[in-house]
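**Student:** Need the 3D shape of this:
(one chain, ligands or ions: 2)
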Amino acid sequence: MARRSTSYVCQSCGAITSKWMGRCESCGEWNSIVEEQTSGGGGIGGGPGRASRSKGRVVPLVGLSGDTKEAPRIQTNVAELDRVTGGGFVRGSALLVGGDPGIGKSTLLIQAAAQLANLGHKTVYISGEEAIGQVRLRAERLGLGKAPVALAAETSVEDILATLEADKAPAMLILDSVQTLWTDQVDSPPGTVTQVRASAQAMVRYAKKNGTTLVLVGHVTKDGQIAGPRVVEHMVDAVLYFEGDGAHQYRILRSVKNRFGATDEIGVFEMTGKGLQEVSNPSALFLGDRTTSAPGAAVFAGLEGSRPLLIEIQALVAQSSLGTPRRAVIGWDSARLSMILAVLEARCGVRFSQHDVYLNVAGGLKINEPGADLAVAAALISSLSGLALPANCVYFGEISLSGAIRPVAQAQSRLKEAEKLGFDQAYCPEGNLKDGATSALKATGLPELGDFVAKLSVQASVSGDS
Ligand code: TYD
Ligand code: MG
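**Tutor:** Residues are numbered from 1 along each chain as shown. Ligands and ions are numbered 1, 2, ... in the order given. Okay, here's the model as predicted:
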């Protein structure tokens, strides 16, 4: 009989303390420490028992080069999903798909499961949240009822492992969700860090041993962490986040960790009555039905991962009646906005101190690329002067505190994307044109923000005269 002991585990970071505290010393989270029972023998991770630990086993040590084949991948033929995983799911790897409740994780995965099953890969989908009837109903609605997916509603890790071991190992195993899993190796209730960690570990071990691709679904808490098991993020090979907001139809699958591919890749989907549809041309989605004649709108030629994306930046500059004018930003960094306002004021003499400034990224997207600086500056100046920017023009470039416009990565592919969507002018950093970025677009290279402001005011006076 294993010795039982009580420990106090932070549900946010997994740190263990010997006494209860109101605040975790390791991650600073309040009220996250919970009393948990751990059996002395199994250890928190549910690893091998003490008896087997004492007998050391000789492991062969090998060199770095060898005849290990290139990690074979299984492709789903959902191009947006394959892009994010870096070209398909790697066999024997474990992935964590996180996202807010109701964002569409189960929908995405049942669709992927059906695709894989239709392609002839053995696919098992285990739902710990929904009853079989509910999953079937959804599959039926999505028109996937005929796909040969093996389905079960189960939460016990031991039962799941016994079921899997009774038959040929599947190519793909989906567990929805990791928070509902529990193993009798540990005594804590399901959903606690100890349970989630032990269950995930057991499943990851199974996947590695059998060459099965394991997909774990994880919920995200209000502040954006995968609930409880941040510890799980270290255990898996890839972490994907499924994001989007309730008010918009589009969803973004973003890779934040990937041992077998690039991170920061995104896949774009649209939630429709028939489930998630791939969006192969996201720029068109984010530009939407643009009314081009309004002042304060500038199109930013951005980059998400390796993929160029055109996004509209909207600014509204209005006379302020407040002592301290308002600055409100949605979809961008407010500190960055203050910086651009300060540079415009100090280096170019454009004053906003008597004005409220509102900035919005169209479509509800969040950008955190400094390359958007120039587009933001253009939108601000356009709104302040009340003159619309040319409709066929895109902007990108990072603005430094000195007012210089610094080059950004992958100018060429940004220009190409703009050209593809029918734009024929671009304002970009001069440095980017020097290193040979050319296209059919009329690209104007800018060394300084001052030059840009001067160019805009010339444009304004020309259009004002006509
Ligand atoms: P779901 O996949 O259950 O979310 P999660 O697993 O992340 O909690 O998605 C639920 C939402 O998706 C629900 O609010 C309804 C919407 N939805 C559609 O709009 N169309 C569809 O075809 C489906 C299946 C769901
Ligand atoms: Mg779900």
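**Student:** For stretch 448-461, list every residue counted as buried.
**Tutor:** 448-453, 456, 459-460 (16 or more other CB atoms under 10 Å). Where C-beta positions appear, they are placed from N, C-alpha and C, glycine not excepted.
**Student:** scratch that, stretch 113-127
**Tutor:** 113-118, 121-127.
**Student:** right, and the helix or strand after the helix or strand bottoming out on mean pLDDT in the chain?
**Tutor:** Ranked by mean pLDDT, DSSP states H and E, the weakest helix or strand in the chain is helix 50-54, scoring a mean of 50. Sequence order places strand 73-74 as the next helix or strand after helix 50-54, per DSSP states H and E.
**Student:** partner strands of that following strand, parallel or antiparallel?
**Tutor:** strand 89-90 (antiparallel) (DSSP bridges).
**Student:** Quick check: what element follows the partner strand along the chain?
**Tutor:** Taking DSSP H and E, what comes next after strand 89-90 is strand 94-99.
**Student:** and the gap between residue 33 and ligand 1?
**Tutor:** 28 Å (CB to the nearest ligand atom, to the nearest Å).
**Student:** cool, and residue 124?
**Tutor:** As judged by CB to the nearest ligand atom, residue 124 and ligand 1 stand 17 Å apart.
**Student:** Just the element for that residue, please.
**Tutor:** Per DSSP H and E: strand 123-127 holds residue 124.
**Student:** ok, now residue 387?
**Tutor:** Counting by DSSP H and E, no helix or strand carries residue 387.
**Student:** burial count for it?
**Tutor:** 17 (other CB atoms under 10 Å).
**Student:** Phi first, then psi, for it.
**Tutor:** phi -110, psi 130 (degrees, to the nearest 10).
**Student:** And it, how far from residue 379?
**Tutor:** 12 Å (CB to CB, to the nearest Å).
**Student:** What's the mean pLDDT across the helix or strand hosting residue 455?
**Tutor:** Using DSSP H and E, residue 455 sits in helix 449-465. In this model, helix 449-465 has an average pLDDT of 76.
**Student:** Neighbours of residue 326, how many?
**Tutor:** 11.
**Student:** I figured it hits residue 356, correct?
**Tutor:** Yes: between residue 326 and residue 356 there is a contact under CB atoms under 8 Å: 4.2 Å.
**Student:** Now for those two: what residues contact both?
**Tutor:** Listed as contacting both residue 326 and residue 356 by CB atoms under 8 Å, 6 or more residues apart in numbering are residue 320.
**Student:** The closest residue to ligand 1 within the stretch 251-400 of the chain: how many residues sit nearby?
**Tutor:** Closest to ligand 1 within the stretch 251-400 of the chain is residue 275: 4.1 Å, counting by CB to the nearest ligand atom. By other CB under 10 Å, the residues close to residue 275 number 20.
**Student:** For it, give the beta-bridge partners.
**Tutor:** In beta-bridge terms (that is, DSSP bridges), residue 275 pairs with residue 272.
**Student:** List the residues that contact it.
**Tutor:** 107, 111, 141-142.
**Student:** From residue 459, how far off is it?
**Tutor:** 46 Å.
**Student:** Could you do residue 140 as well?
**Tutor:** For residue 140, the distance to residue 459 equals 57 Å [CB to CB].
**Student:** which parts of the stretch 51-200 of the chain sit against ligand 1?
**Tutor:** Within the stretch 51-200 of the chain, the positions adjacent to ligand 1 are 99, 101-107, 138, 141-142 by CB under 6 Å from any ligand atom.
**Student:** where are the low-confidence patches of the stretch 101-250 of the chain?
**Tutor:** The stretch 101-250 of the chain contains residues with pLDDT under 70 at 221-230, 246.
**Student:** Helices along that one, start to end?
**Tutor:** 105-118, 132-141, 157-165, 193-210, 230-235 (DSSP state H, counting those that start in this stretch).
**Student:** tell me the secondary structure for the residue nearest the centre of the chain?
**Tutor:** Residue closest to the mean C-alpha point of the chain, counted by CA atoms, centre = their mean, is residue 254 at 2.9 Å. Following DSSP: H, G, I helix; E, B strand; the rest coil, the label given to residue 254 is strand.
**Student:** domains in the chain, as residue ranges please.
**Tutor:** The chain breaks down into these domains under automatic domain parsing: 4-43, 73-280, 284-460.
**Student:** Just send those domains back as a markdown table, with distance to residue 66 too.
**Tutor:** Converted to a markdown table, the domains of the chain look like this (distance: least, CB to CB, whole Å):
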| stretch | distance to residue 66 |
| --- | --- |
| domain 4-43 | 32 |
| domain 73-280 | 16 |
| domain 284-460 | 30 |
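**Student:** Could you say which one of the helices of the stretch 101-250 of the chain comes nearest to residue 33?
**Tutor:** helix 193-210 (10.3 Å; CB to CB).
**Student:** which outside residues touch the closest one?
**Tutor:** Contacts for helix 193-210 (CB under 8 Å, 6+ apart): 9-11, 14, 36, 38, 42, 44-47, 92-94, 157, 160-161, 164, 169, 173, 175, 178-179, 181-183, 185-186, 188-189, 212-214, 216, 228-229, 231-232, 235-236.
**Student:** In it, which residues are buried?
**Tutor:** 193-207, 210.
**Student:** Ligand 1: which of those is nearest?
**Tutor:** residue 196 (17.1 Å).
**Student:** so what's residue 128 closest to, chain neighbours aside?
**Tutor:** residue 180 (3.2 Å; CB to CB, 6 or more residues apart in numbering).
**Student:** mind checking how far that neighbour is from residue 270?
**Tutor:** Distance from residue 180 to residue 270, by CB to CB: 28 Å.
**Student:** Tell me which of those two has more neighbours.
**Tutor:** residue 180 (20 against 16).
**Student:** And the more buried one, how far from ligand 1?
**Tutor:** 12 Å.
**Student:** check contacts around that residue.
**Tutor:** 128-129, 155, 190-191.
**Student:** ok, and the closest non-adjacent residue to residue 191?
**Tutor:** Using CB to CB, 6+ apart, the closest residue to residue 191 is residue 179 (5.0 Å).
**Student:** just checking, that neighbour touches residue 192?
**Tutor:** No: the pair residue 179 / residue 192 is not scored as a contact, 9.4 Å apart, by CB under 8 Å.
**Student:** Let's see the pLDDT reported for residue 16.
**Tutor:** 86.
**Student:** Ok, the one 10 residues further on next?
**Tutor:** Listed pLDDT for residue 26 reads 85.
**Student:** Provide a list of residues in contact with the spatially closest residue to it that is not a sequence neighbour.
**Tutor:** Once flanking residues are discounted, residue 26 sits nearest to residue 15: 3.7 Å by CB to CB, 6+ apart. Contact partners of residue 15, counting by CB under 8 Å, 6+ apart, are 9, 24-27.
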